[in-house]
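Engineer: build me a model from this:
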Amino acid sequence: MIIVKIGGGKDINLEGIVSDLAELRDEFIIVSGANALRDGLGERLGTPKKVITSISGYSSVLSDEKAIDLLMMAYAGLRNKRIVELCHRYGINAVGLSGLDGRVIQGRRNRGIRVISEGRKRIIRDLSGKPVRVNRELLKLLLAKGYIPVLSVPIIDEDGFAINSENDDIVRVIHEELPAERILQFIEAPGILKDKDDPTSLIPTLTRTELEKWEERAEGRMRRKLYALIRLLETRRTEIIISDGRVEHPVKEALAGRGTLIK
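Structural biologist: Okay, the predicted model is just below:
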């Protein structure tokens, strides 16, 4: 089993990823992002994203009702269906699902995010949360019948509401239920970089201990991502490859060892 997490950047080579996946013999599940598409739609619709930072230094997008509408349009709609369309063009029998469909990704809503606003501590409650389980039976049924699940947010909370969640956390929960020998993550960079502005500063390998040191020094979204990777390694033993999703053959290059290998 391989879990393929496709980043939501605008320059990700979706067709290159799908054409490579069509040649794989392994079972796989796709988890897709769409942040660039969401941001573009938000600007056009007059609802730009709002980012909040917790007092512990982790940044996230404020998920109010308008933000959830954008998720449904960008993630569960356009991006998900374009990937499914590409899969069918390359002979992959894909099924696109948001976390709502069949309660395939079930979560728990955040009780509140502690932030500093205008010099004061506040608790913000929004429509975001953490995934806690997946509908294993549904995913196993789809895979057994030869269908490839293409998953995206929103997920569903304990009361049946659509909520936002981090794809890194969704990958971890899938890996808990359906252990993967490899997890491929495609981003708009050659891998994890020592200097985010220097593409030649690739870190080729990382251990969990090294990840923890980098997480202490990181800021913003990167800090959140590194924390998620640490949690992922705590779940089950696996091999994580973070590789460039912009190249001609992203999957083949990742499997050939290009990118950052974490284990």
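Engineer: ok, residue 102 - contacts?
Structural biologist: The contact partners of residue 102, taken as CB atoms under 8 Å, 6 or more residues apart in numbering, are 135, 138. Every residue, glycine included, has its C-beta placed from N, CA and C.
Engineer: kindly report the same for residue 36.
Structural biologist: Residue 36 is in contact with 8, 9, 10, counting by CB under 8 Å, 6+ apart.
Engineer: now the helices for this protein?
Structural biologist: Here the chain has its helices, by DSSP state H, at 14-21, 35-44, 65-71, 80-89, 136-144, 167-177, 208-217, 220-235, 250-255.
Engineer: who wins for neighbours among the contacts of residue 36?
Structural biologist: Ranked by neighbour count (other CB atoms under 10 Å), the contacts of residue 36 have residue 8 at the top, with 21 neighbours.
Engineer: so it sits against residue 34, correct?
Structural biologist: Yes: proximity of residue 8 to residue 34 meets the contact threshold set by CB atoms under 8 Å, at 4.5 Å.
Engineer: what sits in contact with each of these two?
Structural biologist: Common neighbours of residue 8 and residue 34 (criterion: CB under 8 Å, 6+ apart): 75, 79.
Engineer: of all the helices of the chain, which one comes closest to residue 161?
Structural biologist: For residue 161, the closest of the helices of the chain is helix 65-71, at 8.7 Å, according to CB to CB.
Engineer: just to revisit the earlier point, pipe the helices of the chain into CSV and attach mean pLDDT and distance to residue 191 per row.
Structural biologist: Formatted as CSV, the helices of the chain follow (pLDDT from 0 to 100; distance: least, CB to CB, whole Å):
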stretch, mean pLDDT, distance to residue 191
helix 14-21, 98, 16
helix 35-44, 94, 19
helix 65-71, 94, 27
helix 80-89, 98, 22
helix 136-144, 97, 28
helix 167-177, 95, 15
helix 208-217, 84, 12
helix 220-235, 82, 12
helix 250-255, 97, 9
